[in-house]
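Undergrad: Structural data only, the sequence is not supplied:
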Ligand code: HEC
């Protein structure tokens with residue numbers, strides 16, 4: 001006897017993904033502008049490689065959201081060593097967090 005279940009599970013990745021409007025002004029952020037702290041050098045080296053740093057740091061996210069975001073960037077090929085993951089997420093949360 002077989003019960004056939006047809007499950008169609010669509011995992012929607014509903015990260016806070018905002019569209020970047022063409023021509024949108026990105027404030028220029030240089031690595032030298034980054035506040036001091038653990039994880040800073042990784043952020044400076046890694047996060048400006050594929051898009052402007054200002055785009056990477058233009059959001060205010062919670063820790064969980066930054067963790068998901070950084071994970072996604074790693075999935076896209078960001079060269080972040082596993083041991084750099086936590087410091088980077090901590091750094092982003094501390095300086096670019098939601099403050100809560
Ligand atoms: C291997 C390339 C790559 C690296 C390295 C990378 N990203 Fe990204 N990132 C992307 C791509 C591709 C997108 C989506 C396309 C876009 O918005 O330009 C994106 C988008 C983003 C967005 C969303 C931007 C928006 O306006 O919606 C954030 C935030 C972000 N990245 C943060 C980071 C952070 C933080 C790091 C460093 C840990 C990082 N990225 C490193 C490829 C990369």
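TA: Ah, there it is. Keep in mind that what you see is a predicted model, and the values were worked out from it rather than measured. Numbering: from 1, shown residues only.
Undergrad: Any stretches of the protein with poor pLDDT?
TA: 1-27, 100 (pLDDT under 70).
Undergrad: could you show me where the helices are in it, in order?
TA: 40-46, 53-56, 63-75, 82-96 (DSSP state H).
Undergrad: Is the second one positioned near the ligand?
TA: Right, the one you point to is helix 53-56. Yes. Helix 53-56 is in contact with the ligand by C-beta under 6 Å from any ligand atom, via 55, 56. Backbone N, C-alpha and C define where each C-beta goes, glycine included.
Undergrad: Show the contacting residues for the closest residue to residue 93 other than its chain neighbours.
TA: Leaving aside its chain neighbours, residue 93 sits nearest to residue 63 (4.4 Å; criterion: C-beta to C-beta, 6 or more residues apart in numbering). Listed by C-beta atoms under 8 Å, 6 or more residues apart in numbering, the contact partners of residue 63 are 89, 90, 93, 97.
Undergrad: Save those residues as a markdown table, and put in distance to the ligand and neighbour count too.
TA: Formatted as a markdown table, those follow (distance: C-beta to the nearest ligand atom, whole Å; neighbours: other C-beta atoms under 10 Å):
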| residue | distance to the ligand | neighbour count |
| --- | --- | --- |
| 89 | 9 | 22 |
| 90 | 12 | 17 |
| 93 | 11 | 20 |
| 97 | 12 | 18 |
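Undergrad: Can you name the residues of the chain sitting close to the ligand?
TA: Contact residues, the chain versus the ligand (C-beta under 6 Å from any ligand atom): 18, 20, 43, 46-47, 49-51, 55-56, 58-59, 69-70, 73, 76-78, 80, 88, 92.
Undergrad: from those, which would you call buried?
TA: Among the residues of the chain next to the ligand, those buried by neighbour count (16 or more other C-beta atoms under 10 Å) are 43, 46-47, 55-56, 58, 69-70, 73, 78, 80, 88, 92.
Undergrad: Can you say which two of those residues are spatially most distant?
TA: 58 and 80 (18.9 Å; C-beta to C-beta).
Undergrad: was I right about residue 67 contacting residue 90?
TA: No. Using C-beta atoms under 8 Å, residue 67 is not in contact with residue 90, being 9.8 Å away.
Undergrad: That's all I had, so thanks and see you.
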